[in-house]
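Novice: just a sequence and a predicted model for now, questions to come.
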Amino acid sequence: MVDMANRLEDLKAIQNHIRTQAVDYLLVLTNSLFIEKKYLLVESTLAPAFLVNLHAPLIELDFIYPDHWAWKPISSKKVGLTDIGLKNFLTRAGGTYAVIYVRSRDY
């Protein structure tokens with residue numbers, strides 16, 4: 001059991017390392033493609049039928065408040081990203097785009 005537990009810990013560490021590398025590679029790729037300032041753009045008028053066929057990371061939220069990281073992009077529709085903001089988005093979304101579904105409120 002101890003050996004099995006140690007292997008599980010190693011597996012989690014390896015997975016975290018791979019995720020970190022993937023985010024770093026996406027960051028380099030995004031910066032090489034979009035040399036100027038990067039923006040987080042929000043499109044809130046997508047039809048449900050379109051979303052069913054969209055293969056994108058899905059972030060589901062039960063509700064959203066002004067202190068949540070997604071509040072400003074959703075309410076502003078366009079937000080400039082710093083290098084740290086871009087890296088944070090890539091980490092949270094798992095890619096360069098995502099569907100953020102908020103169950104309650106008007107968003």
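Specialist: Received the coordinates, thanks.
Novice: which outside residues touch stretch 85-96?
Specialist: Residues lying outside stretch 85-96 but in contact with it, judged by Cβ atoms under 8 Å, 6 or more residues apart in numbering, are 19, 23, 26-27, 30-31, 38, 40, 56-57, 59, 69, 79, 81. For the C-beta atoms, the positions are set from N, CA and C on the backbone; glycine is no exception.
Novice: among those, which ones are in helices?
Specialist: Counting by DSSP state H, the part of those found in helices is 19, 23, 26-27, 30-31.
Novice: may I have the beta-bridge partners of the closest residue in space to residue 54 that isn't next to it in sequence?
Specialist: Residue nearest to residue 54 in three dimensions, not counting chain neighbours: residue 99, with 6.5 Å by Cβ to Cβ, 6 or more residues apart in numbering. Each beta-bridge partner of residue 99 is listed here: residue 58, as defined by DSSP bridges.
Novice: check the ones in helices among the contacts of stretch 85-96 and tell me the two furthest apart.
Specialist: Using Cβ to Cβ, the pair of the ones in helices among the contacts of stretch 85-96 lying farthest apart is 19 and 31, separated by 18.8 Å.
Novice: for the lowest-mean-pLDDT helix or strand in the chain, buried residues please.
Specialist: The weakest-scoring helix or strand in the chain, judged by mean pLDDT, DSSP states H and E, is helix 48-53 (a mean of 74). Residues of helix 48-53 classed as buried under the neighbour-count rule (16 or more other Cβ atoms under 10 Å) do not occur.
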